[in-house]
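Q: A structural model of the following input is requested.
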Amino acid sequence: PGYGQQPAPAPQVSPPVAASQFPMPRSVNAGRRSFADVVTAIVRRYAVTVVLLAVAIVLTNVMPSVSKTVTSSIRRTGGIPSDVTLAATPGTPGITVGGVRCGPGVRQVPWSHYAPVCVPKWSGNNGGATAPGVTRSTITLTYREASSSELSTIYSIVPPSVIGTNTEAIQTMQAYINTFNKTFELYGRKVVLKPFVGKGDFVTELNGKNQTGAMEDALTAKGLGAFADSSVIDATPLYDEALAQQGVIGLTIYGGPNSEFQQESPYLYTTGTVCSKTVAQTEQLVGRVLNTTPTSFAGSPSLNGKKRVFGLVGTATAQSEKCDAQLVQGLKQKFGITLRSEFHMDLNGSTLDSQATTVAGEMKADGVTTVLCSTCDFFTPIFVTLAADTANYHPEWIETDFLTALTSLQAPDQIANAEGFGNQALPAVETEAYRAFELGAAPGEKLIPSFSYVYEPLLMFFDAVQSAGPYLTAKTFQEGFRSLPASVPGGMYGNWSFNSTSFDPNGSYGVVHWSNSALSPIDGKPGAWLQCNGGRQYNYDGSSPQLPEGVPLNCSGSTDAVPAATSGTVPVPARPTRPS
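A: Next up is the predicted model:
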């Protein structure tokens with residue numbers, strides 16, 4: 001949280017585009033890092049890199065080209081004033097606000113895999129102040145810069161050149177907003193970004209405490225006139241809940257039980273995956289592939305070739321335990337698989353080392369060949385792999401790709417050839433996120449290293465606002481969110497697809513493996529996640545394609561560099577010339 005260093009004292013409210021300057025990091029003493037050091041480094045690194053991995057838009061498979069925008073359908077039920085000017089049906093011939101020649105199947109932003117179907121430039125009455133945070137000419141989006149007394153002492157662990165600063169984060173967000181304000185149909189409005197420095201303690205909020213601080217920050221966002229908040233990693237489940245209670249839409253990276261998103265509807269969305277999807281992907285990998293093939297990715301030769309024995313490590317939070325309970329039940333009922341060991345670790349700085357030692361020791365004693373850590377938080381794998389090293393225990397690890405910066409903090413000999421869920425990262429210049437920054441940045445502004453995670457939530461937010469139509473409310477936003485078309489194959493985030501109950505955009509998952517020698521496209525250093533099975537995507541909903549049953553994962557490939565990516569049906573953009 002808080003890309004880079006803890007900000008110096010600043011006014012509670014920052015101007016929409018301005019960003020504070022931050023002190024240079026201090027050097028860090030050599031030696032074993034404490035829990036606080038590691039956790040904060042991870043959180044920061046994650047925030048940097050994962051930061052803004054959030055802002056999730058949820059779409060459906062219903063193509064706008066065969067129906068009017070959401071406000072059109074609501075008008076028929078009497079929900080929109082008769083004097084509001086509706087938008088044309090998506091795909092109607094004409095010229096968009098961004099100058100694109102619109103027609104059936106044409107995307108609003110032709111170089112994006114994820115943009116909605118185009119609409120001709122709109123003019124007329126948008127209804128004015130249709131919701132809190134919405135006026136006739138603006139839509140307010142807030143961003144909380146998280147603070148934490150526990151984190152502030154360790155903000156110097158990772159160099160700013162790798163992780164970025166709050167200044168860069170805000171500049172990158174503003175550049176994307178500049179581009180999207182010009183290219184998306186917002187029906188006479190523009191999105192205005194309002195950052196502020198939070199008062200709630202990020203670390204204690206993650207542990208389910210400090211509701212008062214989370215609520216105070218949510219009240220600040222509301223006081224700034226927020227229609228939505230895109231704090232992502234600088235958010236926490238407590239902050240997201242507080243935003244919903246204040247009627248502010250929250251865009252987060254956190255998954256969790258579907259029921260919790262339903263409870264906060266229509267105010268909470270995630271770029272992560274809700275439990276039902278996380279469970280589905282793990283069930284498919286374990287039940288269809290790992291349980292039907294011998295152990296082959298363990299670091300210990302004595303384990304390879306044996307029938308797999310599964311253990312699970314998770315986080316001792318209510319959300320994680322509910323998700324893991326669904327997984328354990330599903331594996332038993334669908335595949336007859338019973339886990340040999342199951343542990344949930346409390347994120348307590350004074351006991352995490354000893355908990356990890358216990359987990360590694362008991363997993364080894366139980367003969368577990370394959371540790372499922374796919375529902376872990378981004379701290380736990382660090383400590384468990386280090387403890388496994390100490391115990392001379394080298395099983396297979398099944399994780400989730402939380403980015404190179406996080407995985408590289410694990411014990412190298414443990415994660416060598418670890419498998420996980422995720423997508424292989426692309427070099428920056430090959431991504432649509434890079435082009436969007438170049439089109440919207442001012443001369444001299446720097447793209448934050450975690451740009452892809454800043455881009456995704458903002459892209460999804462603008463997608464949903466366009467689909468909602470001129471009469472913008474939390475309800476029309478949700479319906480617009482869910483009525484967007486599936487993405488064009490080959491995008492940097494995998495496939496997006498949606499239905500009438502979606503709270504995240506993820507329609508499929510990929511399988512990746514870790515290579516200690518592959519060069520990361522993020523920082524050019526050794527260590528990266530590479531695609532398995534040729535980068536194939538598999539559907540959460542059980543439809544084809546699915547992981548082939550009884551066929552081992554094919555994770556062979558380059559160990560020296562990340563292979564070039566394919567771009568699907570949308571051409572990879574060349575580096576653009578910045579507009580004057």
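Q: and the spatially closest residue to Thr236 that is not a sequence neighbour, what element?
A: Leaving aside its chain neighbours, Thr236 sits nearest to Glu205 (3.9 Å; criterion: C-beta to C-beta, 6 or more residues apart in numbering). All C-beta spots, glycine's among them, are computed from the backbone N, C-alpha and C. Element membership of Glu205 [criterion: DSSP states H and E] is helix 202-206.
Q: Quick check: next helix or strand after that helix?
A: Heading C-terminal from helix 202-206 (DSSP H and E), you reach helix 211-223.
Q: Distance from the helix or strand that that following helix is followed by to the middle of the chain?
A: Sequence order places strand 228-229 as the next helix or strand after helix 211-223, per DSSP H and E. With C-alpha atoms, centre = their mean, to the nearest Å as the basis, strand 228-229 stands 16 Å off its chain's centre.
Q: Pull up the pairing partners for strand 228-229, direction included.
A: Strand 228-229 pairs in its sheet with strand 138-147 (parallel), strand 249-252 (parallel), by DSSP bridges.
Q: tell me the mean pLDDT over that strand?
A: When pLDDT is averaged over strand 228-229, the result is 97.
Q: quick one on the thing from earlier: what's the most buried one of the strands paired with strand 228-229?
A: strand 249-252 (a mean of 28; mean count of other C-beta atoms under 10 Å).
Q: Gln281 touches Glu419, doesn't it?
A: No - at 12.0 Å, Gln281 does not count as touching Glu419 under the criterion of C-beta atoms under 8 Å.
Q: how about Phe310, phi and psi?
A: phi -100, psi 140 (degrees, to the nearest 10).
Q: Quick one: residues contacting it.
A: Neighbour list for Phe310: Val286, Leu290, Asn291, Leu331, Ile337, Leu339, Arg340, Val368, Thr369, Thr370, Leu372 [criterion: C-beta atoms under 8 Å, 6 or more residues apart in numbering].
Q: Could you check how far the first one is from His344?
A: Val286 sits 18 Å away from His344, taking C-beta to C-beta, to the nearest Å as the criterion.
Q: okay, these two: which has more neighbours?
A: Taking other C-beta atoms under 10 Å, Val286 and His344 do not tie; Val286 has more neighbours (24 against 17).
Q: Which helix or strand contains the closest residue to the more buried one other than its chain neighbours?
A: Excluding the flanking residues, the one nearest Val286 by C-beta to C-beta, 6+ apart is Leu331, at 6.2 Å. Assigned by DSSP H and E, Leu331 belongs to helix 318-335.
Q: List the buried residues of that helix.
A: Gln319, Ser320, Cys323, Asp324, Gln326, Leu327, Val328, Gly330, Leu331 (16 or more other C-beta atoms under 10 Å).
Q: try stretch 264-283
A: Result for stretch 264-283 [16+ other C-beta under 10 Å]: buried residues 264, 266-283.
Q: what's the span of that stretch, first residue to last?
A: Taking C-alpha to C-alpha, to the nearest Å as the measure, stretch 264-283 stretches 27 Å from start to finish.
Q: Could you do stretch 529-549 as well?
A: 23 Å.
Q: average model confidence for that stretch?
A: 92.
Q: just to revisit the earlier point, helices or strands next to the helix holding Leu331 in the packing?
A: helix 275-284, strand 310-315, strand 341-345 (3 or more C-beta pairs under 8 Å, 6 or more residues apart in numbering; DSSP states H and E).
Q: So what's the gap between it and the chain middle?
A: Distance of helix 318-335 from its chain centroid, counting by C-alpha atoms, centre = their mean, is 22 Å.
Q: cool, stretch 91-108 as well?
A: 29 Å.
Q: Which residue ranges of the stretch 101-250 of the chain form helices?
A: 149-152, 160-163, 166-183, 202-206, 211-223, 237-245 (DSSP state H, counting those that start in this stretch).
Q: if I look at the nearest residue to Val551 once chain neighbours are set aside, how far off is Leu553?
A: Nearest residue to Val551, sequence neighbours excluded (C-beta to C-beta, 6+ apart): Val289, at 6.8 Å. Distance of Val289 to Leu553, computed by C-beta to C-beta: 6 Å.
Q: ok, now Gln333?
A: 24 Å.
Q: Any regions of this protein where pLDDT drops low?
A: 1-78, 148-164, 349, 403, 557-580 (pLDDT under 70).
Q: OK, contacts around Ile249?
A: Phe227, Ala228, Asp229, Leu243, Pro266, Tyr267, Leu268, Tyr269, Ala474, Phe477.
Q: 10 Å instead?
A: 55, 131, 133, 141, 226-230, 240, 243, 264, 266-269, 461, 464, 474, 477-478, 481 (C-beta atoms under 10 Å, 6 or more residues apart in numbering).
Q: Quick check: which of the helices of the stretch 101-250 of the chain is nearest to Ser112?
A: Taking C-beta to C-beta, helix 166-183 is the member of these nearest to Ser112, at 8.9 Å.
Q: I'd assumed Pro552 was in contact with the residue nearest to Val551.
A: Yes - applying C-beta atoms under 10 Å as the test, Val289 and Pro552 come out as touching, 7.0 Å apart.
Q: Please identify which of these two sits among more neighbours.
A: Applying other C-beta under 10 Å to Val289 and Pro552 shows that Val289 carries more neighbours, namely 20 against 14.
Q: which phi and psi does that one have?
A: The phi/psi pair for Val289 (degrees, to the nearest 10) is phi -120, psi -60.
Q: hang on, the earlier thing: output the buried residues of helix 318-335 as JSON lines; include the columns distance to Cys118.
A: Converted to JSON lines, the buried residues of helix 318-335 look like this (distance: C-beta to C-beta, whole Å):
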{"residue": "Gln319", "distance to Cys118": "38"}
{"residue": "Ser320", "distance to Cys118": "41"}
{"residue": "Cys323", "distance to Cys118": "38"}
{"residue": "Asp324", "distance to Cys118": "43"}
{"residue": "Gln326", "distance to Cys118": "40"}
{"residue": "Leu327", "distance to Cys118": "41"}
{"residue": "Val328", "distance to Cys118": "46"}
{"residue": "Gly330", "distance to Cys118": "41"}
{"residue": "Leu331", "distance to Cys118": "44"}
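Q: how about those, which pair is most distant?
A: Of all pairs in those, the most separated under C-beta to C-beta is Gln319 and Leu331 at 19.3 Å.
Q: Could you list which residues are in contact with the closest residue to Glu362 other than its chain neighbours?
A: Spatial nearest neighbour of Glu362, excluding adjacent residues (C-beta to C-beta, 6+ apart): Ser341 at 6.0 Å. Going by C-beta under 10 Å, 6+ apart, Ser341 touches 309-313, 359, 362-368, 371.
Q: Trp529 too?
A: Trp529 neighbours (C-beta under 10 Å, 6+ apart): 399, 401-404, 407, 418-425, 510-515, 518, 520, 562.
Q: Confirm it sits in a strand?
A: Yes - judged by DSSP: H, G, I helix; E, B strand; the rest coil, Trp529 forms part of a strand.
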